[in-house]
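Peer 1: Provided below for reference: sequence and predicted model.
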Amino acid sequence: MDRDSQAPAGGPVSRWLSTAQPEALFVLSAIAQYVGAVLAVLLFDGTIGGSDGVAPQTVAWFRAIGAAIALLVVSRGWWSGWTREQLIGVAFFGITTVLMNVFFYLAIERIDLGKGITIEFIGPVAVAAATTRSRRNAIALVFAVVGVAVLGGVEVDDNLLGVVYILIASALWAGYIVIGSRVAQVDRGVAGLGLGLAIGALATTPIGAPGSLEVWTSPTLLVLCLAVGVFSNAIGYGIDQFTMRRIPIRRFSLLLALLPVTGTLIGWIGLGQQPSGIDLLGIALVLVGVAVQERDEIERVEAVVRTDPG
C-alpha cells in the first residue's frame, strides 16, 4: 500500500488533526487559547468565581497544573522511555511555557487583551525574520508586521510595567517556538507537552503557590482555574504540537499572525473590547500576510497525538 493511500491511525479526531490545513488548526487553537484568556481576566478582577480576584501568577500556575493533568491522563506510558536529552528539552520547554504564561497574565491585567497579544507578537516575528529565506515569505512577513503594528496602536502612558511584562513574555514566546518545534519532533504525542508543563508547574511553585489557598478551598475557583489550563494549554498548545510537526518554523511563526486577529475578536465578544476602524485595518493586513505566504508541502503524519509511548 502506498503512503498516500494509508489512512492515519487513531480515532476521527486524530485523523482530522493529522490531515487538516494548518490554518484551520490555528484558528481552533487560537479560539481555545483566548477563551482561556478571557476566563483568566475575569478571574483576576473577581467577576467570576465569587472571590475578590485571583493573582495572575496564581492563575497561570493553576493553568499549568490543569493542562498537565489533562494531557498526562490521555498519554499512557508518559513516565518512561525518555532519553536524558529529551527530558532536558521537555523541561526547558515546560518552564519556558509556564513563565511565558505568568508574564502574559501579569501584562493583560494591565493592558487590553488584543493589544497585549499584539505586542507579544514581536517574539514570533523575530523568529520568522531570522528563518525566512524566500522573497514571497519576506513580503508576507512585511504585511504581517505592518498589520500587527497597525492593530497594536498601544499607548503605554501609565501601563509601562504592563509593556515590560509583555515584552518579557514575547521573548519567552520566541523560545517556546524554537524549543517547542524540537520537542514536537519526538514521537510521543502530547506526552512531552504534559510532562513539560508538570515540570514547569513544579519549578514555578514559589511564584504561583503563594496566595493559592483560596483557590484550593473553593471548588468553583479551582474548577475555573483548571479550566483555563484545559482551554489554553491542553487544547490550544496541544493542537500546536500537531502543527509544529508538519510545517517549518518560519511558516509556524507567520501563522501566529492569526493570534492578534483572534485575540481581538475574542476580546470583543468576551470582554466587550470592541475594535476600532484602525484595528480592522490591521486585521486585514495580517490576513493578507498569511494568505500570500509561500506554501510549503504538508506531509501527512500518522496519529500525531497518541496515547502510547511508541
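Peer 2: Received it, and whenever you're ready, just let me know what you need. Residues are numbered from 1 along each chain as shown.
Peer 1: Not counting its neighbours along the chain, what's nearest Val142?
Peer 2: Spatial nearest neighbour of Val142, chain neighbours left out: Gly289 (7.4 Å); criterion: Cβ to Cβ, 6 or more residues apart in numbering. C-beta coordinates here come from the backbone N, C-alpha and C atoms, glycine included.
Peer 1: My guess is the one you found contacts Asn137. True?
Peer 2: No: under the criterion of Cβ atoms under 8 Å, Gly289 makes no contact with Asn137, lying 9.8 Å away.
Peer 1: Distance of the residue nearest to Val142 relative to Ile117?
Peer 2: Distance, Gly289 to Ile117, using Cβ to Cβ, to the nearest Å: 16 Å.
Peer 1: The two - which one has more neighbours?
Peer 2: Ile117 (31 against 24; other Cβ atoms under 10 Å).
Peer 1: can you pull the pLDDT of that one?
Peer 2: Predicted confidence (pLDDT) for Ile117: 82.
Peer 1: show me the contacts for it.
Peer 2: Tyr34, Leu259, Pro260, Gly263, Thr264 (Cβ atoms under 8 Å, 6 or more residues apart in numbering).
Peer 1: Show me those residues that map onto strands.
Peer 2: Nothing among the contacts of Ile117 maps onto strands, per DSSP state E.
Peer 1: Out of those, which two sit at the greatest distance?
Peer 2: The largest separation in those, counting by Cβ to Cβ, is between Tyr34 and Pro260 at 10.3 Å.
Peer 1: Kindly reformat the contacts of Ile117 as JSON lines containing neighbour count and pLDDT.
Peer 2: Shown next, in JSON lines, are the contacts of Ile117 (neighbours: other Cβ atoms under 10 Å; pLDDT from 0 to 100):
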{"residue": "Tyr34", "neighbour count": "27", "pLDDT": "87"}
{"residue": "Leu259", "neighbour count": "24", "pLDDT": "75"}
{"residue": "Pro260", "neighbour count": "27", "pLDDT": "77"}
{"residue": "Gly263", "neighbour count": "28", "pLDDT": "83"}
{"residue": "Thr264", "neighbour count": "26", "pLDDT": "82"}
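Peer 1: Now flag whichever of the residues you listed is closest to Ile278.
Peer 2: Taking Cβ to Cβ as the measure, Ile278 lies nearest Thr264 of these, at 11.4 Å.
Peer 1: hang on, isn't that closest one packed against Asp279?
Peer 2: Yes: judged on Cβ under 8 Å, Thr264 makes contact with Asp279 at a distance of 6.1 Å.
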